[in-house]
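> Pasting the sequence and the predicted coordinates here, then a few questions.
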Amino acid sequence: MAVTEPAPAVPPAAQAHQSGRRTGEAGALEGILRRQSLRESAARTYARSLPIVPVRARGLTIEGADGRRYLDCLSGAGTLALGHNHPVVLEAIKKVLDSGAPLHVLDLATPVKDAFTTELFATLPAGLADDARIQFCGPAGTDAVEAALKLVRTATGRSGLLSFTGAYHGMTAGALDASGGATDVRVARLPYPQNYRCPFGVGGDRGAELAARWTENLIDDPKSGVTHPAAMILEPVQGEGGVIPAPDDWMRRMREITAARSIPLIADEVQTGVGRTGAFWAVEHSGIVPDVMVLSKAIGGSLPLAVIVYRAELDAWEPGAHAGTFRGNQLAMAAGTATLAYVRENRLADRAATLGARMLGRLQGLAAAHPCIGDVRGRGLMIGVELVDPDSPGDGAGAPPVDQALAAAVQQECLHRGLIVELGGRHSGVVRLLPPLTLTDEQAEAVLDRFADALAAAERSHRPRPRTAHLRNATGTTGTTGRAAPTGPSH
């Protein structure tokens, strides 16, 4: 299969017309970008660092109005599990459109919805699926987070919430309160374990154990200032926080701590779900069963859809306690059913685990030759590369500071080479790779080749100086490289 996938076939009679149209599209590119900057809000994000105008897409490939093709490792921020315009998704949408079925039904029962819920429940952890309820929310993951928070507060009669540093749960008010960037804190913030920038300066199993002890003490200490909470919400892999996988033992400890104290555990699987991390749901790596799962992005097969699935005992809502005009999105449910079934039947989660481990290995090899790569980490096809300034003093744990400017330069060099990547993490210093689960071996190599070339080019232009010594520890089970500076403690 070619690295860049061809655009959909065009009948010969239309080829000449299309050629002229493409010329016109390329000529209109600057005008479209200019009008976007004049008309759209200052809050726009991706458009600032990715000044392209997509006009066609298939699989991993996006074609711009200028005729250039790009390998898309952003995938709609993880929404496109099967890549752009996968045939099974298009066929599912077309089938609904051709059937004459209603496209908008609020929360009425339909065959399309029944098929979606049946397929979704077939993929859930057995301990949840056997006795679960589902709430269809507004079309975005942040609304599902809001629904989860409302649910647990109603069910428990409590209002407090436990969340974690580095978290990202959406952009609405309640979701922002639970996220790591909150400034008006109404949520108790707990340390999220990580190797490279461990808040306790030790990393590894010891750092995760200290994080768990801190959590347990905060909940149990009557003088901690934290009242008995309505729930704990966590991401099995922090995505926007910098692609930080939670250790499996720590996940099990969080489940034990919350279960023993009748605190509902909410797993935010908006970005990690549907095979992304090498398991269908990321909680399956640790074997835990949360009380509530927040699902969006890939479950809609590229169209807007968000739900929460939760234990029936929490279903204490009155009718209308949570609603949303577009919670009956029939096209998204059809596309989602097709996507869930395709990922399950073709074992794409297993494929993500295998290919992701291979990509992590190559990136870790690249890190050995580039001191500016402080850490390589991830799980499955959710990969992050943290870029640092190796010549600046490290933090208390020995990790050099993030090099935000270099990360931005690498992103632009990637774009020049036809590779779309996103930045995340603290100070936007982590280059994130979220390719579709249909990524081929050849395409994976092309992505890594382009990234390596972009990194070298950005280094030359950004910091033209001799390389410094660079020491590393062995990698952990999540693909983390370990501490970059020689002064950091071993673990």
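Arrived safely. Numbering: from 1, shown residues only.

> separation between the closest residue to Lys297 other than its chain neighbours and Pro87?
Take Lys297 and drop its neighbours on the chain: the residue closest to it by CB to CB, 6 or more residues apart in numbering is Thr79, 4.4 Å away. (Each C-beta comes from the backbone N, C-alpha and C, glycine too.) In this structure, Thr79 and Pro87 are 18 Å apart, going by CB to CB, to the nearest Å.

> Those two: which has the busier surroundings?
Using other CB atoms under 10 Å, the more surrounded residue of Thr79 and Pro87 is Thr79, with 23 against 12.

> residues contacting that one?
Each residue near Thr79 by CB atoms under 8 Å, 6 or more residues apart in numbering is listed here: Lys297, Ala298, Gly300, Ser302.

> surely the last one meets Gly76?
Same thing as Ser302. Yes - applying CB atoms under 8 Å as the test, Ser302 and Gly76 come out as touching, 6.8 Å apart.

> Between the two, tell me which one has more neighbours.
In this view Ser302 and Gly76 are compared by other CB under 10 Å, and Ser302 has more residues nearby, 25 against 16.

> Which residue, other than its chain neighbours, is closest to that one?
When the adjacent residues along the chain are set aside, Ser302 lies closest to Leu80, with 5.5 Å between them (CB to CB, 6+ apart).

> Quick check: that neighbour touching Gly300?
No - with contact defined as CB under 8 Å, Leu80 does not reach Gly300; the gap is 10.2 Å.

> burial measure for Asp131, as a count.
10.

> give me phi/psi at it?
According to degrees, to the nearest 10, the main-chain angles of Asp131 amount to phi -150, psi 60.

> and the spatially closest residue to it that is not a sequence neighbour, how many residues sit next to it?
Distances taken as CB to CB, 6+ apart put Ala312 closest to Asp131, at 5.1 Å, once the chain neighbours are dropped. Residues lying near Ala312 (other CB under 10 Å) number 10.

> Same check on Lys95?
Based on other CB under 10 Å, the number of other residues close to Lys95 is 13.

> re the thing from before, just say helix, strand or coil for the residue nearest to Ser302.
coil (DSSP: H, G, I helix; E, B strand; the rest coil).

> Run through the residues that contact it.
Listed by CB under 8 Å, 6+ apart, the contact partners of Leu80 are Asp72, Ala298, Ser302, Pro436.

> what's the distance between it and Ala335?
Computed as CB to CB, the Leu80 to Ala335 distance reads 11 Å.

> Mutual contacts of those two, please.
Common neighbours of Leu80 and Ala335 (criterion: CB under 8 Å, 6+ apart): Ser302.

> For burial, what's the neighbour tally of Pro319?
Using other CB under 10 Å, Pro319 has 5 other residues around it.

> ignore the last one, Ala126
A count of nearby residues for Ala126, using other CB under 10 Å, gives 7.

> hmm, back to that, out of the contacts of Leu80, which are inside strands?
Those of these mapping onto strands are Asp72, per DSSP state E.

> Name the member of the contacts of Thr79 with the shortest distance to Ser428.
Proximity to Ser428 was ranked across these by CB to CB; first place goes to Lys297, at 20.7 Å.

> Ile219 is in contact with Val226, isn't it?
Yes - with the criterion set as CB under 8 Å, Ile219 and Val226 qualify as a contacting pair; they are 6.7 Å apart.

> The two: which is more packed in?
Comparing Ile219 with Val226 by other CB under 10 Å, the one with more neighbours is Ile219, at 21 against 18.

> Using the three-state scheme, assign the more buried one.
Three-state secondary structure (criterion: three-state DSSP) places Ile219 in helix.

> any idea how far the closest residue to it other than its chain neighbours is from Glu216?
On the basis of CB to CB, 6+ apart, the spatially nearest residue to Ile219 that is not a chain neighbour turns out to be Arg261, at 6.3 Å. In this structure, Arg261 and Glu216 are separated by 9 Å, where distance is defined by CB to CB.

> The stretch 101-250 of the chain: strands as residue ranges?
For the stretch 101-250 of the chain, strands defined by DSSP state E, counting those that start in this stretch occupy the ranges 132-136, 161-164, 188-190, 231-234, 237-238, 244-245.
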